[in-house]
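*Asks:* Sequence below, structure please.
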Amino acid sequence: MKKLSRWLSVFLIMLSLSANAQNHAFQPGEKITYSVAYHVIGVYVNAGTASFTTAKVNYGDGEVYHFVGEGATNTRYDWIFKVRDRYESYFDANTMQPVKAIRNVSEGKYKKYEEVSFDTQANTVVTPKGVYKVPANIQDVISTVYYARNIDYSKYKKGDKIPFNMFLGSTVYNIYIKYVGKETVKTKYGIFNAIKLQPLLLKGDTFKGGEGMTVWVTDDNNHIPVRIESELSVGSIKVDLKQYENLKYPLALVQKKQRIDTFND
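*Replies:* This is a model prediction of the structure:
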């Protein structure tokens, strides 16, 4: 469960890429929820959920997007290891860059709260530990998810690697995501036309590193992930779209599914 808790946090990070874009993929009021299942010894366990919400709020002299990403273990497993993680991003709708980010992590006995602010003119990030110089178009954990959804994947060929920069803690992470191609994927909602991607993972306690994660996003203007599969140092993880509200566009469903599949508890 401890490895799973780390994965829930990393899941909120690893949907990330970067490109110059203007928003056309999402709108205020959108909410997307995912089920997270841990696979070990041939069985999937319904281990937790992750959700993303979008709103528009007043900030400073204007309006910004307010994104919230949350990850939590299933309450039945709280007695083993309780996780309640919350990441927030305040995102300039004109520049497509963050102005403030909040990380509120609760994983067992480990607690972490941190607020950082972004100066996109000076290319710096101000944190409780100091001021850090960062590359242009830097993103935070949550803003990358929404920034990525505006990528025009039709510009890429199979095998192309799309670089991105993300700031977390006191570090700039230079990572890439590989465009694999297009295929259909079966989910609880039915069969989707999807874009297949593989992000580069950093090796650590949870991940083996390399391109061991696969992400399928809808092949429509929403570009929301409908399935994520990843190898872990022990077992594997499967993330599936559970619920969605107020998407800007219809989803790229090829065929609706009547029966709802669930993971084994």
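*Asks:* From the structure, what's the count of residues near the spatially closest residue to residue 93 that is not a sequence neighbour?
*Replies:* Counting by Cβ to Cβ, 6 or more residues apart in numbering, residue 93 lies nearest to residue 65, which is 5.8 Å off, once chain neighbours are set aside. In short, each C-beta sits where N, CA and C put it, glycine included. Residues within reach of residue 65, counting by other Cβ atoms under 10 Å, total 23.
*Asks:* Point out where the protein drops to low pLDDT.
*Replies:* 1-22, 201-211, 233-234, 257-265 (pLDDT under 70).
*Asks:* now do 50
*Replies:* Flagging of the chain using pLDDT under 50 yields the residue ranges 2-7, 13-20, 203-210, 259-265.
*Asks:* quick revisit: the residue nearest to residue 93 is in contact with residue 28, isn't it?
*Replies:* Yes - counting by Cβ atoms under 8 Å, residue 65 touches residue 28, with 7.4 Å between them.
*Asks:* hey, what's in contact with both of those two?
*Replies:* 54, 55, 56 (Cβ atoms under 8 Å, 6 or more residues apart in numbering).
*Asks:* ok, and the most crowded of those residues?
*Replies:* Going by other Cβ under 10 Å, residue 54 tops those with 19 neighbours.
*Asks:* OK, contacts around that residue?
*Replies:* Applying Cβ under 8 Å, 6+ apart, the residues near residue 54 are 26, 27, 28, 29, 30, 31, 65, 66, 67, 146.
*Asks:* How many residues are close by the third one?
*Replies:* Other residues within reach of residue 28 by the criterion other Cβ under 10 Å amount to 15.
*Asks:* Confirm for me that it is in contact with residue 67.
*Replies:* No - using Cβ under 8 Å, residue 28 is not in contact with residue 67; the gap is 10.5 Å.
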